[in-house]
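> Test case, fold it:
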Amino acid sequence: MCHSVITLRNIAVPLLAGLVLAGCAAPTPGPGEAAPGGDGTTMTLADGYEPDDLNPLLGYGSEGASKFYDGLFARDAERTLQPALAAAAPTPSADQRSWTVPLRRGVTFHDGSAFDPQDVVATYSAVLDPDRAAAIRSSVPMLEGVEAVGDDAVRFDLAYPYGAFPERLTSGILPSEVLDGGGPVADLPVNTEALGTGPYRLVEWRRGDTMIMEANRDYWGGAPTVNRVTVVFATDDNTRAQRTAAGEFDGTVLPPALARPVAEQSGLALREHASADYRTIALPFANPVTADPAIRAALNRSVNREGMIDALLAGQGEPAYHPIPGVLPELVEPSATFTHDPAEAARILDEAGWVTGPDGIRARDGQQASFSLMYPATDTVRRDLAQAFASDVRAAGVEVRLEGLGWEAIEPRMGSDAVVLGGGDPFDPGFKAWQLLHSANAADGFNNPGSYADSQVDAALDAALRAPDEATRVERIKDFQRAYVADPGMVFLAFLGHSYVSRDAWDGYVEVVEPHTHGVTWGPWWNLEDWTPRR
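Okay, here's the model as predicted:
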């Protein structure tokens, strides 16, 4: 029996017992019923993650479903780009080196000030200014400048043609007044006091506890019917599952193995969404073990991805070999995979001179095949994947020392120690691959934290970024996958299925394929502003 199955049983059995006890403590309304005393205009959700900030220039809500902010464009349930603060589709120049975006009129920010082209110019000028250190600068590497065109449009000028540029314009727009005065964007008051044009406004944020948001009655898209939403931050998965089963919340996100018993015992609806959300073992190139190509090749052949998905994710997911998700089959290169082949992994290590010692751990030139792997301690999915990974590669003679830590301890060490990372989106995964694996982004936070570099991978990603049309872009993304599996820099494990439990008391739920994004920005509540109470 594999180690990962044992791990799953160790967490699931106590939880199920806890759910029975919790369910006896507080009756839960059945499907279709509102919370006790509620009329459907209020909602309480539990979130496993609390944002570090609410600043779109630092990446908050960058995929375009933020409740506090609107970007120029957003995406519908089919992932099709739709105008938000833009009034219509953008117009490219003949060479695709500039894009003119008409702007919606009559929009106001939450403070009552009017939205106009200067707000867009100020927002993207701050992105371009290196002194302001906007985290989303890497999301628009092709952007050179932005300027107003009259009083109802803006023009973006690019360093090179980029046919998918509108996909890059989903980040929230800030009022120009907020950006006056210069200085790092990390010092802006919107870090904790969101100020946008979105369907909800921030009422209160108690760090480590709750966030309350209320409907923007002046929202250009119409005031939401769900008027008040309270988000409770409960980072421990088991605790959140028990409290949800006890009737405290109208919905939450849970690991798949926990979501199903909670739904069964509580009468809540189970919502399972496909995603482009990968989990990968990021391997640092500053580490003499994980920098070795033979080690990386062997690790990728040692892991049993299907076994992890079945045992740890209740079958909710699919194997990952690189960051291009199977939910977009038109982009996937079928040959770019790794077979679970422990014998081949052993052969690769033998050939590279990694000799098995009396303790079962390989060594070469006095260096043991051993490294640390960090994961966020409260994330049970990453913990279980880390344990299963360590068990699988131990059989190949590689020792993995697991460390469950907080992000404040993990981030400073990502350049020297391995970490279980998550990421990905179904909107522009070729671009996400460029951010994660191109050498130009080495050690840029969560972009290429291990400083992976491969010239063929770089060339394919650059070609995809500059492709003159979609067909060429698809072929270059496939070139990238072939180049990457020939010299992997990480060990991608799985694309997760996202699981939620939700009180089925509202109309408006639409299933979507999701990005990695944490929190209630996505999930069943991605279009919460369109929900109405079921009568």
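> Could you use CA atoms for every contact and neighbour count after this?
Fine.
> Next, the distance between the ends of stretch 418-438.
End-to-end span of stretch 418-438 (Cα to Cα, to the nearest Å): 18 Å.
> what separates that stretch from the chain centre, distance-wise?
Chain-centre distance of stretch 418-438: 9 Å, with Cα atoms, centre = their mean, to the nearest Å.
> and that stretch, average pLDDT?
For stretch 418-438, the mean pLDDT works out to 95.
> ok, now stretch 165-175?
96.
> what's it in contact with?
Contacts with stretch 165-175, where a contact means Cα atoms under 8 Å, 6 or more residues apart in numbering, come from 56-57, 59-64, 66, 69-74, 81, 90, 109, 115, 119-120, 122-123, 139-140, 195-197, 427-428.
> gap between N227 and E475?
With Cα to Cα as the criterion, N227 and E475 are 46 Å apart.
> Checking E50 next. Helix, strand or coil?
Under DSSP: H, G, I helix; E, B strand; the rest coil, E50 falls in the coil class.
> do you know how far it is from A135?
From E50 to A135 the distance is 18 Å (Cα to Cα).
> Tell me which stretches of the stretch 201-350 of the chain form helices.
Counting by DSSP state H, counting those that start in this stretch, the stretch 201-350 of the chain has these helices, from start to end: 237-245, 256-266, 293-302, 305-312, 342-351.
> how about these in a markdown table, adding mean pLDDT, mean neighbour count and distance to Q96?
Converted to a markdown table, the helices of the stretch 201-350 of the chain look like this (pLDDT from 0 to 100; neighbours: other Cα atoms under 10 Å; distance: least, Cα to Cα, whole Å):
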| stretch | mean pLDDT | mean neighbour count | distance to Q96 |
| --- | --- | --- | --- |
| helix 237-245 | 93 | 24 | 46 |
| helix 256-266 | 91 | 21 | 43 |
| helix 293-302 | 98 | 24 | 39 |
| helix 305-312 | 97 | 21 | 41 |
| helix 342-351 | 98 | 18 | 46 |
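> Let me have the ones you listed in TSV, extended by distance to A363.
Converted to TSV, the helices of the stretch 201-350 of the chain look like this (distance: least, Cα to Cα, whole Å):
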stretch	distance to A363
helix 237-245	38
helix 256-266	37
helix 293-302	11
helix 305-312	26
helix 342-351	10
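> show me where this structure has helices.
In the chain, the helices defined using DSSP state H lie at 3-25, 117-128, 237-245, 256-266, 293-302, 305-312, 342-351, 380-394, 407-410, 429-437, 455-465, 470-486.
> Columns distance to S499 on top of those, output as a markdown table?
Formatted as a markdown table, the helices of the chain follow (distance: least, Cα to Cα, whole Å):
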| stretch | distance to S499 |
| --- | --- |
| helix 3-25 | 16 |
| helix 117-128 | 34 |
| helix 237-245 | 12 |
| helix 256-266 | 5 |
| helix 293-302 | 27 |
| helix 305-312 | 13 |
| helix 342-351 | 32 |
| helix 380-394 | 12 |
| helix 407-410 | 23 |
| helix 429-437 | 22 |
| helix 455-465 | 32 |
| helix 470-486 | 28 |
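> right, and those helices - which one's nearest E514?
E514 sits nearest to helix 429-437 of all these, at 12.1 Å, using Cα to Cα.
> Let me know the angle separating the closest one from helix 455-465.
140 degrees (axes from the mean of the first three to the mean of the last three Cα atoms, to 10 degrees).
> counting contacts, what elements does helix 429-437 pack onto?
Helix 429-437 makes packing contacts with helix 455-465 when contacts are defined by 3 or more Cα pairs under 8 Å, 6 or more residues apart in numbering; DSSP states H and E.
> Kindly calculate the angle that the helix it packs on makes with helix 470-486.
160 degrees.
> any idea of the pLDDT on G23?
On pLDDT, G23 comes in at 37.
> cool, D39 as well?
So, for D39, pLDDT stands at 85.
> just the strands in the stretch 101-250 of the chain please.
Secondary structure of the stretch 101-250 of the chain (DSSP state E, counting those that start in this stretch): strands at 143-148, 153-158, 200-206, 210-215, 228-233.
> which residues are in contact with the longest one?
Contacting residues not belonging to strand 200-206 are listed as 67-68, 110, 192-195, 210-216, 224 [Cα under 8 Å, 6+ apart].
> try the last one
Counting contacts by Cα under 8 Å, 6+ apart, the residues outside strand 228-233 that touch it are 41-50, 208-215.
> tell me the contacts of the residue sitting furthest away from the middle of the chain?
Using Cα atoms, centre = their mean, the residue of the chain lying farthest from its centre is P358. It sits 42.0 Å away. By Cα under 8 Å, 6+ apart, the contact set of P358 is empty.
> Next, work out how far apart it and G397 are.
Taken as Cα to Cα, the span from P358 to G397 is 11 Å.
> now the contacts of stretch 165-175: which count as buried?
Using 16 or more other Cα atoms under 10 Å as the burial test, those include 56-57, 59-64, 66, 69-74, 81, 90, 109, 115, 119-120, 122-123, 139-140, 195-197, 427 as buried.
> And the lowest mean pLDDT element among the helices and strands of this structure?
Ranked by mean pLDDT, DSSP states H and E, the weakest helix or strand in the chain is helix 3-25, scoring a mean of 35.
> okay, D111: pLDDT?
With respect to pLDDT, D111 has a value of 97.
> cool, E63 as well?
The per-residue pLDDT of E63 was computed as 87.
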